[in-house]
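**Q** Dropping the sequence and predicted coords here.
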Amino acid sequence: MRRVFLDANVLFSAAYRRDSGLRLWDLPETRLLTSAYTAEEARRNLDLPEQRTRLDALLDRTLLVAESTVPVPEGIDLPEKDQPILKAALAANATHLVTGDVRDFGRYFGRRLLGILIILPADLIRSRTGSRRSRTGSR
């Protein structure tokens, strides 16, 4: 089973519109994970009560994992605001980190970072079973 950590921008996008098209919660053999830090970041950026209600419903179907104080290993270049995301994914033994943050995670797309495959939401949806290569060339 895949253990997929969701970044705040993915949670935000899924909750923003009722028909967002992000069907991550319906993927087979997939356990979705996030952290309180990440969920709060998504919540802060949602303006409307119905969006926050949708976020709460999605979070009810997502395992909230513990934060981690372990430092990000040397050689990984991430802004300080993104380090808690990677650290929580590592602490949760995630197999994937799904993010739309091209600016900060883009150089890692399609690569394994400390054992975690960094991919776009569309790549996870396309992979379905995790057996096919994604558009970003996951290894």
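**A** Cool, got the structure.
**Q** ok now do the closest residue to residue 73 other than its chain neighbours, which residues does it touch?
**A** Spatial nearest neighbour of residue 73, excluding adjacent residues (CB to CB, 6 or more residues apart in numbering): residue 114 at 6.7 Å. (Glycine included, C-beta is placed from N, CA and C.) By CB atoms under 8 Å, 6 or more residues apart in numbering, the contact list for residue 114 reads 73, 76, 86, 90.
**Q** From residue 16, how far out is residue 114?
**A** Separation of residue 114 from residue 16 (CB to CB, to the nearest Å) stands at 30 Å.
**Q** Residue 3 now?
**A** 25 Å.
**Q** you'd agree residue 97 is in a helix?
**A** No: assignment of residue 97 by DSSP: H, G, I helix; E, B strand; the rest coil gives strand, placing it outside any helix.
**Q** Make 30 the first number, not 1, from now on.
**A** In the new count, where the first residue is 30, that last one comes out as residue 126.
**Q** how many neighbours does it have?
**A** Residues near residue 126, counting by other CB atoms under 10 Å, number 26.
**Q** What ranges in this structure fall below the confidence cut-off?
**A** 157-168 (pLDDT under 70).
**Q** Tell me which residue of it is furthest from the middle?
**A** In the chain, counting by CA atoms, centre = their mean, residue 78 sits farthest out from the average C-alpha position, at 22.7 Å.
**Q** Distance of it relative to residue 35?
**A** Counting by CB to CB - residue 78 and residue 35 are separated by 22 Å.
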